[in-house]
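1. any chance you can model this:
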Amino acid sequence: MKFSALIDAAGLAARIRAGDTLIVDCRFELADPRRGARDYAQGHIPGAVYASLDTDLSDLSKSPQLGRHPLPDAAAFSATLSRWGWTPDTPVVACDAANGALAAARLWWMLRLVGARAAAVLDGGIAAWAQAGFALDANAVRRESTQVDVAFAAAGIVHTDALAVALKEPRTLLVDARAAPRYRGENETIDKVAGHVPGAVNRPFADNLDADGRFKPAAQLRAEFEALLGSHRPADTIHMCGSGVTACHNLLAMEHAGLAGSRIYAPSWSGWISDPSRSVATNS
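-> Okay, here's the model as predicted:
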């Protein structure tokens, strides 16, 4: 079966029958960080393991300059992947209950950074699985562990010093995935400073979705992103959000649309404002 950035519920069911796919449940709620694990324990896609955004896909012990959800060290992510029984040839499907935003797209991006050859996000997430008539179960999942040693591809990650340099170049386009009121600085509910990085444009990640919570068709997404990019190349596009998580949703949407090569400003807004001397813009 061909693997692309997104997979539907029927495609995932076929993968489960084939028995060759690692399924990772990435459900997470910012207001209640333990809820995803509780929901997973109550019912998950058969065979799925659980990934916590806070403990498996981030290292919260790192400096605030790296944002609210700093990437884990490569050694820590290697240990997580080994615990899940992953190898570079293992197909992976990530799912969540937030239409890919918390935190399936984050895991998909991280897997791409460490050289995963086949990784996808379940389009529509757990809800789409249930709507398709497939069952959840609460059985404990045990996979045979592996021993892998991965490294993140530095070229796909942008940090604050590099962003400041890149923003001096007219060819750079910084795209903020937060909801418009947060981008404009009107309604900041999470971070201590409201506004956005000067020069950033807004593309709320929710705009990637149809009313049913699934990604829009690739051709539609391509047209929308091409209008946003204008003369900018995908390779000169950098995505951000509040902490480097929902930004991955925009990168995923671009990849699905055939616009490959954009990057993530990993510290994102929470990292940018960790230094009060950095400029902040408000309104449009």
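2. shaky segments in the stretch 151-284 of the chain?
-> In the predicted model, the stretch 151-284 of the chain carries no residue with pLDDT under 70.
3. quick one: Asp54 and Pro70 touch, right?
-> No - contact status for Asp54 versus Pro70: not in contact, 10.8 Å apart, counting by Cβ atoms under 8 Å. Yep, even glycine has a C-beta here, placed from its N, CA and C like the rest.
4. got the phi and psi for the nearest residue to Thr282 once chain neighbours are set aside?
-> Once flanking residues are discounted, Thr282 sits nearest to Gly185: 3.6 Å by Cβ to Cβ, 6 or more residues apart in numbering. Dihedral pair for Gly185: phi 80, psi 20, per degrees, to the nearest 10.
5. longest helix of this structure?
-> Ranked by residue count, the top helix of the chain under DSSP state H comes out as helix 218-229.
6. what comes into contact with that helix?
-> In this structure, residues lying in contact with helix 218-229 by Cβ atoms under 8 Å, 6 or more residues apart in numbering are 173, 175, 201, 203, 207-208, 215-216, 237, 253-254, 256-259.
7. narrow these to those in helices?
-> Assigned to helices by DSSP H, the following of the contacts of helix 218-229 qualify: 253-254, 256.
8. just the buried members of the residues you listed?
-> The neighbour-count criterion (16 or more other Cβ atoms under 10 Å) marks 253-254, 256 among the ones in helices among the contacts of helix 218-229 as buried.
9. hmm, back to that, among the contacts of helix 218-229, which one lies nearest to Asp59?
-> Minimum separation from Asp59 among these (Cβ to Cβ) is found for Val175, which lies at 24.9 Å.
10. so that closest one makes contact with Val201?
-> Yes - in terms of Cβ under 8 Å, Val175 counts as a neighbour of Val201; the distance is 5.8 Å.
11. secondary structure element for the residue nearest to His196 when sequence neighbours are not counted?
-> In space, and not counting its chain neighbours, His196 is closest to Tyr183: 5.0 Å by Cβ to Cβ, 6+ apart. In the assignment (DSSP states H and E), Tyr183 maps to helix 180-184.
12. for the stretch 151-284 of the chain, just list every one of the strands.
-> Ranges of strands within the stretch 151-284 of the chain are 157-158, 173-176, 201-202, 237-240, 263-265, based on DSSP state E, counting those that start in this stretch.
13. ok, the second one: who's next to it in the sheet?
-> For strand 173-176, the paired strands and their directions (DSSP bridges) are strand 201-202 (parallel), strand 237-240 (parallel).
14. flag every buried residue along it.
-> Neighbour counts over strand 173-176 (16+ other Cβ under 10 Å) mark 173-176 as buried.
15. nearest to Val24, of those residues?
-> The closest of the buried residues of strand 173-176, once distances to Val24 are taken by Cβ to Cβ, is Val175, at 25.9 Å.
16. residues touching that closest one, list them.
-> Under the criterion of Cβ under 8 Å, 6+ apart, the neighbours of Val175 are 200-203, 228, 237-240, 247, 250.
17. ok, Asp73 - contacts?
-> Taking Cβ under 8 Å, 6+ apart, we find Asp73 in contact with Asp59.
18. name the residues that touch stretch 181-193?
-> Stretch 181-193 is contacted by residues 30, 68, 176, 194-196, 200, 202, 204, 242, 269-270, 273, 276, 280-284 when judged by Cβ under 8 Å, 6+ apart.
19. let me see the ranges of the strands in the stretch 1-150 of the chain.
-> Along the stretch 1-150 of the chain, counting by DSSP E, counting those that start in this stretch, strands occupy 6-7, 22-25, 49-50, 92-95, 119-122.
20. a markdown table for those, including mean pLDDT?
-> Converted to a markdown table, these look like this (pLDDT from 0 to 100):
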| stretch | mean pLDDT |
| --- | --- |
| strand 6-7 | 98 |
| strand 22-25 | 98 |
| strand 49-50 | 98 |
| strand 92-95 | 98 |
| strand 119-122 | 98 |
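21. among those strands, which comes closest to Ala37?
-> Nearest to Ala37 among the strands of the stretch 1-150 of the chain is strand 49-50 (6.0 Å), distances taken as Cβ to Cβ.
22. neighbouring strands of the closest one in the sheet, and parallel or not?
-> Based on DSSP bridges, the pairing partners of strand 49-50 within the sheet are strand 22-25 (parallel).
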